[in-house]
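In: what would the 3D arrangement of this be:
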Amino acid sequence: MPEDPEPRTESRSEFPEFYLDIDPEIRSEFELAEKEGRQPNCIYCGEPLEVRQSFYTDVWWKWDTEAKRYEKFQNDCSDCDKPYCLKCGYHDWDFTNNKWIEY
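Out: Below you'll find the model as predicted:
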């Protein structure tokens, strides 16, 4: 049986798999901020990073003839815009590609 060429360590398992693929400068800033116990700065404007991202989902209402009211339906998946820094407006997927963002 072949060995895993890159054994997983405890610290790596707490990151999403794709975290290691993000821009090294962004990753470095997030890791430094964690070490220093502070909010990460935006690498594009230098200000404390505040991230915004819009999500969209389809919702519709269908008339239920027995209950005589509308029943709400919604897609399980949604679409979203690229996240961006609220200070400078720069859009970068890597702002949300890390362990500090919860969905």
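
In: ranges for the strands of the protein?
Out: 51-52, 55-56, 59-64, 69-74, 79-80, 84-85 (DSSP state E).

In: neighbouring strands of the fourth one in the sheet, and parallel or not?
Out: For strand 69-74, the paired strands and their directions (DSSP bridges) are strand 59-64 (antiparallel).

In: the fifth one too?
Out: Partner strands and pairing direction for strand 79-80 (DSSP bridges) are strand 55-56 (antiparallel).

In: figure out how far the strand it pairs with is from the centre of its chain.
Out: Offset of strand 55-56 from its chain centre (C-alpha atoms, centre = their mean, to the nearest Å): 13 Å.

In: quick one: contacts of it?
Out: With contacts defined as C-beta atoms under 8 Å, 6 or more residues apart in numbering, strand 55-56 is touched by 78, 79, 80, 81. All C-beta atoms are positioned from the backbone trio N, CA, C, and that covers glycine.

In: for stretch 71-78, same thing?
Out: Contacts of stretch 71-78 (C-beta under 8 Å, 6+ apart): 55, 56, 57, 58, 59, 60, 61, 62, 63, 64.
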